[in-house]
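Q: sequence-free structure coming up:
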C-alpha cells in the first residue's frame, strides 16, 4: 500500500480511535479499583448528548467537553450507588446502565436529530505537523486528540507513583488488605467509578464535538462495548490501550473506506468487522498467560459485621 | 512489671451475639515488652476478643484503657491510630504488588509516593528487627513465612505498639516458626507488647511470658509458664478434663494392597512412589503447597495422572474410574468441608445422599424415607448436633459437619479412604472424636491421611511420609525414632534422607 492511501487511513484511525481510547482509559480506572462497569456504552451516550446540548446552548466547546465529563461522572455514580451502597450485582447494574444511558440520551436527543453544534476543528501543531508521515497522521488533529496523547502517561504515573494510585490498585486486588491498612476501601472504589465515568463521558463528547459535530441516534454505536473488550486486550495497562484503540479505529476507518470504494463485499459484513475483531482480540488476550485481571474485579466489598 | 501501668487494660468486657455470650467479663492486662498468650479452643471467644481490640466489633459493656485512659476503638482506623496492629491468620496482603508497596499502603504522606525514601526507611526497620526481606519482590512469590514477615513489617512501619498474632504458626514450617519466635522476642525486647493467640500448647509454653486461658467466653485461668507446667496440664485447664494427647491405637495386621502409586509425576509432582494396605494408616506431612493437593486429586480421580501409574484395589486408574467403583470403594474427605464435601445450602439428608445416593436409588427416584431412617441412626451413632436431618449444612459447627462427612463416607464401607486435614479448625474434643473414627475405619480400609499437624500424624499413623516440593522425601515407620526426629528439617527441605542427592539440599538452603 502506498503512502497516499496509508496516511489518510492512519489519520482516520487516530480520529476514530480517540473516543475509544478515552472510554477504555475510563474503564481501566474503574476496573483497577475492582469494579466492573459494563455500562460504558450508556455512560458514553450520556456524555455525548450532554456535550452536544451544552455546545448548542452556549457555543463553548470546552465547556461542553467538561459537561460531558460531569455527565459521565453522574451516570456512573448510579453504578456506584447500586454496587457500593446497595451491594448489587455489578454485571446486572452495568447492563442496566447501558440500556438506561443509551435510552435516555436518545430520548432527550430526539428533537435535535440532524442539528449541528459548534465543536472542535483541527489545529495543526506548528513544526510537528510538517513532519513527513508522522505530521499528518498524529499532529494535524483537534485539541482533544492531543489531550488523549498525554492521558495514558499521566495515568501510568498516577497508578504507579502516587498514594492515590497505590490505594486504587490495592482495592482492586484485595479490599481486605486496604481495610486492614486503615484506608477507606469504599471511598477508593467510588474514586475509581467516578473518575472512570468522567473519562467515559469525555469519550462520548469526542463523538458529538469532534467526530460528527451533529446529533443522531446511537452515536456511540457499540464503541463502549469495544472499550470493555479493549481493557482486557490492554491487560489493564494505559499504554497498551493506545494500541488497541487505534487498531479498532483503523478497522472502523478501513471498513468505511472499503464501502466508499465500492467493493463487492456486502456492507453488513463490513460493518461487522470491528465486532468480529473484538471477539478475536478477546480470544487473543485469553490465550496469553501471566497477565491477570485485578484479583477482586467484580466482587463487592463485604460490609463488616 | 508489677505496678507499672499496662499498655492496654481490658475491664469487664462483654459481647454477645443473640443469645451466645462470646465474651463475658473479660479483664486482662497487656504489658509493653511482654508476650501474652491467649489460649483457648475453637469457639472459646478468642476471635471475638481480638475483633474488639482491632476495632471491628464494639463491646456491649466494659471498658478498654490505653495507658490508663479510656478509649473507644470505634473503627479499624481508630485502633491503628492507637497503635494496635493485627497479624491475621489469613494474611491481608495484595498479592500482585511488591513487598514495599504493601508496607507503605496507606502510610505515606503527600500525593506522590517517594519510593526511594520509603524504601530506605523500611529497609532500616527490617534490619533493626532482623527481618531479611527483598523489598521489591512480588508478594505472590513469597513463602508463607515471608508473607508473615511482610505483615509484621507493615505493623512496625506504622509504629504499632501492640502486635496481635492470630494462630501465627499454623501456616509455617517448624524452622519458620522458630524464626517467628525470635522476631517476637526481639520486638518484645524493643518494648512492643505482643499478644499471641494459639491452641498449640507447646508453642505457648515456649514463647509466652504470661498465659490467659479462655473458655466459653470467659478467662478461666491466668498463669505464668513455670518449669512444672507441662502441655498435658495446660490442656486439662483449657478443656476442663484430662485430654489424651496420645490416642489409643492398636496395631492391625496389614492385609491386601488397596493403593499403589508408582513414579507419579506431573502437576507439580515428581517421582512419587507409595503403597497402602488395608488396616494401615499412612500420613503425609508437609507444609501446604508441596504437592499434597495434586497427589490427592490424582488418587481421587479429580486429575488424571500425567506420568507414572496409580493403581487402586489392583486396578489401573483409568479402569477403576471407568467402572465407577468409586461409589462404594473409595472415600474422599476433602479439606474444604463447606465447599467440596458438602453443599451448605442443602439439608443434611440431601448432603448425605450426595455420595450415598446409589444405595437408595429406585430407578430414577430416590428413596428418601429409607435414607432418612439411616441418616437419623447415623446422627445418633456419631452424636452429631443437632440431630435433625432437615437442618441445613451451614448451620452445623465445624466439628459436627466433619462428623457428618465421616459418617456419610464410612457408611459406604470404603476400602480406601483419603482424608485431607480432617481435624483442621476443630477443637480438641471434636478432633479426638475424628481420630477415634479414623482409627476404627482402618479395620476395613487403608487410610491416606494428609495433614499439616505433625502431632496428629505421630498419634495416628503406622507410617509417615514427608512431602517437599512435589517429592515424597521419605517414608518411615512410626517406631523409627531417628528418622522421625528429622521430619521438621525434611519438611523445610533441609535434611535429605539417605541416598538423596546433595542437590536437593542446596535448593533447600537457597530458598
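A: That came through, no problem. As the structure is a prediction and not an experimental result, all values here were calculated from the model.

Q: point out where the stretch 151-300 of chain B drops to low pLDDT.
A: The model of the stretch 151-300 of chain B has pLDDT under 70 over residues B:227, B:239-247.

Q: and the strands in it, which stretches?
A: Using DSSP state E, counting those that start in this stretch, the strands of the stretch 151-300 of chain B run over residues B:162-166, B:193-198, B:210-215, B:218-223, B:257-266, B:269-277, B:281-285.

Q: what's the closest of these to chain A?
A: Relative to chain A, the nearest member of those by Cβ to the nearest Cβ is strand B:162-166, separated by 12.0 Å. Using the backbone N, CA and C atoms, a C-beta is placed for each residue, glycine as well.

Q: can you list the strands that that closest one pairs with?
A: Note on strand B:162-166: by DSSP bridges, its sheet partners are strand B:84-87 (parallel), strand B:193-198 (parallel).

Q: tell me the most buried of these?
A: Among the strands paired with strand B:162-166, strand B:84-87 has the highest mean neighbour count (mean count of other Cβ atoms under 10 Å in any protein chain shown), at a mean of 26.

Q: next secondary structure after that strand?
A: Per DSSP states H and E, strand B:84-87 leads on to helix B:99-104 as the next helix or strand towards the C-terminus.

Q: around the nearest residue to residue B:144 once chain neighbours are set aside, how many other residues sit close by?
A: Take residue B:144 and drop its neighbours on the chain: the residue closest to it by Cβ to Cβ, 6 or more residues apart in numbering or on different chains is residue B:171, 4.2 Å away. For residue B:171, the tally of surrounding residues (other Cβ atoms under 10 Å in any protein chain shown) stands at 20.

Q: ditto for residue A:272
A: Residue A:272: 12 surrounding residues under other Cβ under 10 Å.

Q: how about residue B:100?
A: Using other Cβ under 10 Å, residue B:100 has 21 neighbouring residues.

Q: so who does it touch?
A: B:115, B:118-119, B:122, B:135-136 (Cβ atoms under 8 Å, 6 or more residues apart in numbering or on different chains).

Q: counting contacts, what elements does whatever helix or strand residue B:118 lives in pack onto?
A: Using DSSP H and E, residue B:118 sits within helix B:115-128. Packing partners of helix B:115-128 (3 or more Cβ pairs under 8 Å, 6 or more residues apart in numbering or on different chains; DSSP states H and E): helix B:99-104, helix B:144-157.

Q: got the angle for it vs helix B:144-157?
A: 110 degrees (axes from the mean of the first three to the mean of the last three Cα atoms, to 10 degrees).

Q: buried ones in helix B:115-128?
A: Buried residues in helix B:115-128, defined by neighbour count with 16 or more other Cβ atoms under 10 Å in any protein chain shown: B:115, B:118-119, B:121-122, B:126.

Q: run through who's touching that helix.
A: Contacts for helix B:115-128 (Cβ under 8 Å, 6+ apart): A:161, B:100, B:103-104, B:108, B:132-133, B:135, B:153, B:156-157, B:190.

Q: what about 7 Å?
A: With contact meaning Cβ atoms under 7 Å, 6 or more residues apart in numbering or on different chains, helix B:115-128 is reached by B:100, B:103-104, B:108, B:133, B:135, B:153, B:156-157.

Q: please apply the same query to stretch B:224-242.
A: Stretch B:224-242 has contacts (Cβ under 7 Å, 6+ apart) with B:39-41, B:201-202, B:205, B:208, B:210-211, B:213, B:215, B:221, B:243, B:245, B:428-429.

Q: could you flag which of these are buried?
A: Buried among these (16+ other Cβ under 10 Å): B:39-41, B:201, B:205, B:208, B:210-211, B:213, B:215, B:243, B:428.

Q: pLDDT below threshold where in the chain?
A: Went with chain A since none was named. Those would be A:1-2, A:289-291, A:303-305, if you go by pLDDT under 70 across chain A.

Q: oops, I was thinking of chain B
A: B:1-3, B:19-20, B:42-43, B:227, B:239-247, B:324-328, B:494-511.

Q: so which of the helices and strands packed on helix B:115-128 is the most packed in?
A: Sort the helices and strands packed on helix B:115-128 by mean neighbour count, taking mean count of other Cβ under 10 Å, and helix B:99-104 sits at the top with a mean of 25.

Q: please name the nearest non-neighbouring residue to residue B:427.
A: Going by Cβ to Cβ, 6+ apart, residue B:427 has residue B:41 as its nearest residue, at 3.8 Å.

Q: which ones are touching that neighbour?
A: Shown in contact with residue B:41 (Cβ under 7 Å, 6+ apart): B:199, B:238-239, B:427-428.

Q: domain-wise, how is chain B divided?
A: As assigned by automatic domain parsing, chain B contains the domains B:8-238, B:257-338+B:415-510.

Q: export these to a markdown table and tack on distance to residue A:28?
A: A markdown table is the format used below for these (distance: least, Cβ to Cβ, whole Å):
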| stretch | distance to residue A:28 |
| --- | --- |
| domain B:8-238 | 15 |
| domain B:257-338+B:415-510 | 33 |
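
Q: tell me the bridge partners for the closest residue to residue B:273 other than its chain neighbours.
A: Once flanking residues are discounted, residue B:273 sits nearest to residue B:262: 5.7 Å by Cβ to Cβ, 6+ apart. Taking DSSP bridges as the rule, residue B:262 bridges to residue B:309.

Q: now do the same contact list for residue B:262.
A: B:273, B:308-309.

Q: also residue B:194?
A: By Cβ under 7 Å, 6+ apart, the residues touching residue B:194 are B:35-36, B:163, B:184, B:187-188.

Q: could you redo the strands paired with strand B:162-166 as a markdown table and give each row distance to residue A:234?
A: Shown next, in a markdown table, are the strands paired with strand B:162-166 (distance: least, Cβ to Cβ, whole Å):
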| stretch | distance to residue A:234 |
| --- | --- |
| strand B:84-87 | 36 |
| strand B:193-198 | 44 |
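
Q: and those: which comes nearest residue A:5?
A: Closest to residue A:5 of the strands paired with strand B:162-166, according to Cβ to Cβ: strand B:84-87, at 64.1 Å.

Q: where do the helices sit along chain A?
A: Secondary structure of chain A (DSSP state H): helices at A:3-32, A:40-58, A:61-80, A:90-109, A:134-138, A:143-161, A:163-173, A:175-180, A:185-206, A:223-233, A:238-260, A:267-287.

Q: and the second one with helix A:3-32, angle?
A: Calculated by the same axes, to 10 degrees, helix A:40-58 forms an angle of 110 degrees with helix A:3-32.

Q: from the chain's centroid, how far away is helix A:40-58?
A: Mean C-alpha position of helix A:40-58 versus that of the full chain (Cα atoms, centre = their mean, to the nearest Å) differs by 14 Å.
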